[in-house]
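Q: what follows is a protein structure lacking sequence information:
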């Protein structure tokens, strides 16, 4: 077994995992505003354990013509037009996040970024829709593949709700801080690292019989391959 399996590239088949959380003004990624986004990159430490790396966080201005569901705003407590938010455009937020991700991908020799999120379809949909509205052609994320910590937590911890999964993993969770993209991203990052590292500590990684060709293969940029 080579040391390659203990690198980020080797661990995730060339994918560069990035933990994402968004706060929005509704459930429809095409019509409802993206209001806050946080992204946490990851790395392997010298012993091959997955750890947090760099975090990006932005409050986001509603795009022109965006729908703002009253119930969603009441739930998050976000005032989209409060000047104290220091909100930026979708394009500015995603440009900076994508720039940081591409830098990390290059450093880790990964071929494609992949979104890690709790109920990942939701966050993936809003990121992709915002990138399309902003006209960003160099989107580093896989067009459909994700790592969903709700599913992973159900398998590893018997819990699918973020707060309960964190509690099961003995990760401190403050419900008063929840539904902030920054806080939820930090806790989701802790949770994902816990699950990946626990699997390794139990002997699940690397597999006893691993095909090195499969392990070292870079992620395919084509949309057809996940």
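A: Looks like it came in fine. What you are looking at is a predicted structure, and each value in this text was computed from that prediction instead of being measured. Residues are numbered from 1 along each chain as shown.

Q: quick one, helices of this protein?
A: Counting by DSSP state H, the chain has helices at residues 8-11, 70-76, 90-108, 120-133, 149-157, 162-168, 181-201, 212-216.

Q: neighbouring contacts of the fourth one?
A: Helix 120-133 is touched from outside by 20-22, 24, 27, 29-30, 34, 37, 60, 63, 90, 94, 98, 115, 117, 139, 141, 143-144, 146-150, with contacts defined as Cβ atoms under 8 Å, 6 or more residues apart in numbering. (Each C-beta comes from the backbone N, C-alpha and C, glycine too.)

Q: now restrict those to buried residues only.
A: Buried by 16 or more other Cβ atoms under 10 Å: 20-22, 24, 29, 34, 37, 60, 63, 90, 94, 98, 115, 117, 139, 141, 146-150, out of the contacts of helix 120-133.

Q: re earlier: between the helices of the chain, which has the poorest mean confidence score?
A: Comparing mean pLDDT across the helices of the chain, the weakest is helix 212-216, with a mean of 49.

Q: roughly how far does the residue most central in space within the chain sit from residue 67?
A: Nearest to the mean C-alpha position of the chain, counting by Cα atoms, centre = their mean, stands residue 19 at 2.2 Å. Note on residue 19: its distance to residue 67, by Cβ to Cβ, to the nearest Å, is 27 Å.

Q: can you give me how far stretch 168-175 is from the chain middle?
A: When C-alpha coordinates are averaged (Cα atoms, centre = their mean, to the nearest Å), stretch 168-175 and its chain have centres 19 Å apart.

Q: show residues contacting it.
A: Contacting residues not belonging to stretch 168-175 are listed as 153, 157-159, 162-163, 166-167, 183, 187, 190-191, 194-195 [Cβ under 8 Å, 6+ apart].

Q: hmm, residue 15 is touching residue 113, no?
A: Yes. When contacts are counted by Cβ atoms under 8 Å, residue 15 is listed as touching residue 113 (7.2 Å).
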